[in-house]
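Novice: Here's my sequence, what's the structure:
(one chain, ligands or ions: 2)
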Amino acid sequence: MMDDRAQCFGKARRVVVKVGSNVLTASQGLNVEVLHAISREIHELMAAGLEVILVSSGAMAAGMRRLQLPKRPVEIPQRQAVAAVGQAGLIMEYEKVFETFGTYRNVAQVLLTQEDLANRKRFLNARNTLNTLIAWKVLPIINENDTVAVEEIKFGDNDNLSAMITLLMDADLLINLTDMDGLFTKDPRTTDDAELIPEVQRITRKIEALAGDIPGALGTGGMGSKLRAAKKTMMAGIPMIIARGTRPYVLRDLFRGENLGTFFVPGAGRLRSRKCWIAFNLKPKGALLLDGGASSAVLCHGKSLLPGGIARVDGEFSMGDPVNIVGSDGSMIGVGLCNYASVDIRRIMGKKTVQIREILGYKPYDEVVHRDNLAITAEAETF
Ligand SMILES: Nc1ncnc2c1ncn2[C@@H]1O[C@H](COP(=O)(O)OP(=O)(O)O)[C@@H](O)[C@H]1O
Ligand SMILES: N[C@@H](CCC(=O)OP(=O)(O)O)C(=O)O
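Specialist: Numbering: from 1, shown residues only. Ligands and ions are numbered 1, 2, ... in the order given. This is a model prediction of the structure:
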């Protein structure tokens, strides 16, 4: 439905633009021409009154070129050092180009790790800072803090980071600029007969199967990570579009209503901000496997999770910790904050609520996970 797309672009006031490494890199280093072209387009959107947040990759790629490395180092400290070198050059280039625009426009560097958004206080701090920059009409340029981010505290890729920023800032739209025209029926790098998919209503397993996780020469995550990002924004009721960042005037033409790229239609239901935070920002410490009845009660009828419906507890966690909620068929239902520690849940699982006090000697809650603390990420028709 093209109306959806036109409507989304028409009413967008706050937009996150993500630019991938493959777009920003040329054989001799940063692709300054493309970086300048996208910057000018962003400047023009801002001049027209839009609030723009830029998530820019390219630090690793720029660092590799600057240090004349033929390929990505394997060792983590070396990779982090390369990103540190590249990030400086990347931001300097944005600074330089934004200075040339008639009205002087400031840019700000914001480097984040997943941990910054998993802590509620830091999450709110990040949001306040970004809101202040936006109010000052400064362009925030965000990247993962590659220099300190190790596996456990990583967003992993900037597709994910840009989706998290879209949710954090309650943006109206996420534009993902990559080296392809959008999502194709097959990886266009490996086949000639791949066709562009103009619109995706739902990210089904079939759609997921189209996307490879192997990135381009300099990217991270490939098309698979873009689909995972789209899934998050769609769940929050926010559309995402994938388009080719090297296409001249790509942003202008998207806002003029040209039918470019692949448009991911936002879901009808909107996972509220706090539930998005539970679902996507927290790192689950364990898992609760439900029986068939509880799977359907939680997923299809919006019920809280009671001890009787829990069939297995995985991992060790404390009261208040986030855990994965897994259906009886092994598929993910969502993430919830537990009212009981894992040791206690193991003792009360499969039992009736009235037995909790008798077994544990205390009963602060009837529910193991209250529905207000349960973010459902699966679709109800699974069960
Ligand atoms: N079905 C598909 N449609 C389009 N691109 C795909 C598909 N499957 C895999 N890809 C690959 O994904 C790559 C883009 O991902 P990536 O290299 O991570 O880009 P970026 O640097 O923009 O994040 C493309 O170069 C393309 O080869
Ligand atoms: N933070 C890294 C980018 C990681 C990343 O996700 O890259 P890409 O897949 O090109 O968006 C960098 O600046 O090199």
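
Novice: Remind me what the lowest-mean-pLDDT helix or strand in the chain packs against, helices and strands.
Specialist: Lowest on mean pLDDT, DSSP states H and E among the helices and strands of the chain sits helix 2-11, with a mean of 83. If you count contacts as 3 or more Cβ pairs under 8 Å, 6 or more residues apart in numbering; DSSP states H and E, helix 2-11 packs onto strand 262-264. (C-beta placed from N, C-alpha, C; glycine too.)

Novice: which bits of the stretch 151-300 of the chain sit near ligand 2?
Specialist: By Cβ under 6 Å from any ligand atom, the residues of the stretch 151-300 of the chain that approach ligand 2 are 157, 158, 215, 219, 220, 221.

Novice: Most neighbours of all the residues you listed, which one?
Specialist: Neighbour counts for those, by other Cβ atoms under 10 Å, peak at residue 158, which reaches 27 neighbours.

Novice: got the contact list for it?
Specialist: Residues near residue 158 by Cβ atoms under 8 Å, 6 or more residues apart in numbering: 18, 20, 55, 56, 57, 143, 144, 220.

Novice: Give me the subset of those residues that lies in strands.
Specialist: 18, 55, 56, 143, 144 (DSSP state E).

Novice: rewinding a little: need the contacts of residue 158 in a markdown table (columns: pLDDT and distance to residue 172).
Specialist: Formatted as a markdown table, the contacts of residue 158 follow (pLDDT from 0 to 100; distance: Cβ to Cβ, whole Å):
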| residue | pLDDT | distance to residue 172 |
| --- | --- | --- |
| 18 | 98 | 15 |
| 20 | 96 | 21 |
| 55 | 98 | 15 |
| 56 | 98 | 20 |
| 57 | 95 | 22 |
| 143 | 96 | 22 |
| 144 | 94 | 23 |
| 220 | 75 | 26 |
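
Novice: Quick check: the gap between residue 371 and ligand 1.
Specialist: According to Cβ to the nearest ligand atom, to the nearest Å, residue 371 and ligand 1 sit 36 Å apart.

Novice: which ones are touching that residue?
Specialist: 298, 302, 303, 304, 305.

Novice: From residue 235, how far out is the second one?
Specialist: Spelled out, it's residue 302. Using Cβ to Cβ, to the nearest Å, residue 302 is found at 15 Å from residue 235.

Novice: quick one, which of those two is more surrounded?
Specialist: Using other Cβ under 10 Å, the more surrounded residue of residue 302 and residue 235 is residue 235, with 24 against 11.

Novice: my read: that one touches residue 273, true?
Specialist: No - here residue 235 lies out of contact with residue 273, judged by Cβ atoms under 8 Å, at a distance of 11.9 Å.

Novice: close enough to count as contact, residue 167 and residue 237?
Specialist: No - judged on Cβ under 8 Å, residue 167 makes no contact with residue 237 at a distance of 10.1 Å.

Novice: on that earlier part again, redo the contacts of residue 371 as JSON lines? Include distance to residue 227, pLDDT and secondary structure.
Specialist: Output for the contacts of residue 371, formatted as JSON lines (distance: Cβ to Cβ, whole Å; pLDDT from 0 to 100; DSSP: H, G, I helix; E, B strand; the rest coil):
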{"residue": "298", "distance to residue 227": "25", "pLDDT": "95", "secondary structure": "helix"}
{"residue": "302", "distance to residue 227": "27", "pLDDT": "91", "secondary structure": "coil"}
{"residue": "303", "distance to residue 227": "30", "pLDDT": "96", "secondary structure": "coil"}
{"residue": "304", "distance to residue 227": "31", "pLDDT": "97", "secondary structure": "coil"}
{"residue": "305", "distance to residue 227": "28", "pLDDT": "98", "secondary structure": "strand"}
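
Novice: Mind picking the two most distant members of these?
Specialist: 302 and 305 (11.3 Å; Cβ to Cβ).

Novice: can you list the domain ranges for this structure.
Specialist: Using automatic domain parsing, the domain parsing of the chain gives 2-275, 284-382.
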